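Participant: Got a sequence here, can you model it:
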Amino acid sequence: MASLTVKNIPDELYDRLKASATLHRRSINSELIIYLERALLPSNATPEQHLDKARELRQQVHTDRLLSEADITDAKNDGRR
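Facilitator: Predicted structure coming up:
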């Protein structure tokens, strides 16, 4: 397996990578590999699998917590005052 050294990573990017690794309980190296795989390797998921995942995520949304159009308009107007 190949090794790679990455130099001159901006501090903000490194901090975000480190925070993500901590959140997922992975090393920074493992977290970076995950991100590279997601960015560079093709997804083998079918459209149906993507739709199934979207439906699954939609089931997790609590509709009683959604903002109404009036809530959004009020928030916009409050920000303009």
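
Participant: pLDDT at residue 79, what is it?
Facilitator: Residue 79 is assigned a pLDDT of 76 by the prediction.

Participant: Report how many residues lie close to residue 35.
Facilitator: 13 (other Cβ atoms under 10 Å). Any C-beta I mention is one placed from the backbone N, CA and C, and that applies to glycine too.

Participant: Pull the contacting residues for the residue most central in space within the chain.
Facilitator: Nearest to the geometric centre of the chain sits residue 20, at 9.6 Å (Cα atoms, centre = their mean). Residue 20 makes contacts with residue 31, as judged by Cβ atoms under 8 Å, 6 or more residues apart in numbering.

Participant: Would you mind writing the CA trace of the lowest-mean-pLDDT helix or strand in the chain as CSV?
Facilitator: Of all the helices and strands that make up the chain, helix 69-79 has the lowest average by mean pLDDT, DSSP states H and E, namely a mean of 87. What follows is helix 69-79, C-alpha atoms only, in CSV (Å, rounded to 0.1, in the frame of the first residue of the first chain):
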residue,chain,number,x,y,z
GLU,A,69,-43.0,29.9,5.3
ALA,A,70,-44.3,32.6,7.8
ASP,A,71,-41.4,31.6,10.2
ILE,A,72,-38.9,32.1,7.5
THR,A,73,-40.3,35.4,6.4
ASP,A,74,-40.4,36.6,10.0
ALA,A,75,-36.7,35.6,10.4
LYS,A,76,-35.8,37.5,7.2
ASN,A,77,-37.6,40.6,8.3
ASP,A,78,-36.0,40.4,11.8
GLY,A,79,-32.6,40.4,10.2
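
Participant: other SSEs contacting it?
Facilitator: Using 3 or more Cβ pairs under 8 Å, 6 or more residues apart in numbering; DSSP states H and E as the contact test, no helix or strand touches helix 69-79.
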